[in-house]
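>>> Give the three-dimensional model of this entry:
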Amino acid sequence: MAVALESQAQASPIPEPEDLLVVKLEEDLWGSESKPQEKDHDPVPGPEASRQRFRQFQYRDAAGPHEAFSQLWALCCHWLRPEIRLKEQILELLVLEQFLTILPREIQAWVQARHPESGEEAVALVEDWHREARGAGQR
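Down below sits the predicted model:
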C-alpha cells in the first residue's frame, strides 16, 4: 500500500506556488440591488446604478489585468443578473442601452428621464417625442 501511494505521489507532483490560481470570493455578488458598492450612496438607485458602475469602471481602478477583468465580470453580473434573467431579457437590456445611446442627445435625455424598461417602451417614447415635436412645430 505504501508503495502504491508513493508511486501515485510521484506521478502527480504537488503544484508549485506559481502554478496555483488564486480566486478571490466577493460577498454576495448577486445580492440586493440596493446594496451600495461604493462608500457614497448612489444618486441613481437599482439596476441603473449597477449599469453605470459597470460602464464607468476604469482599468486604473484595479491592481492589474486579472483584477480588472474579475471586477468587470462581477459588475456585469450584478447589472445583468444572469442567475435570474433569461438570455432574451439580458439581450433586451443590452439592446435597449445601445438604442438609448444612439439617439440624438435631446431625444435621449427626454426618453431616459421616463425610464423605459423595454425596447418596445423606448421606441414608443421616441415616437411620442417626435409627435410632440411636430405638434410644437405646427403651432
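
>>> count of neighbours near the residue nearest to residue 50 when sequence neighbours are not counted?
In space, residue 50 comes closest to residue 79 once its chain neighbours are excluded; the distance is 3.9 Å by C-beta to C-beta, 6 or more residues apart in numbering. Where C-beta positions appear, they are placed from N, C-alpha and C, glycine not excepted. Taking other C-beta atoms under 10 Å as the criterion, the count of residues near residue 79 is 21.

>>> Hmm, residue 79 is touching residue 56, no?
No. Under the criterion of C-beta atoms under 8 Å, residue 79 makes no contact with residue 56, lying 11.5 Å away.

>>> which element follows the lowest-mean-pLDDT helix or strand in the chain toward the C-terminus?
Within the chain, judged by mean pLDDT, DSSP states H and E, the helix or strand with the poorest mean is helix 2-11; its value is a mean of 48. Using DSSP states H and E, the helix or strand that follows helix 2-11 towards the C-terminus is helix 46-56.

>>> Fine by me, thanks again.
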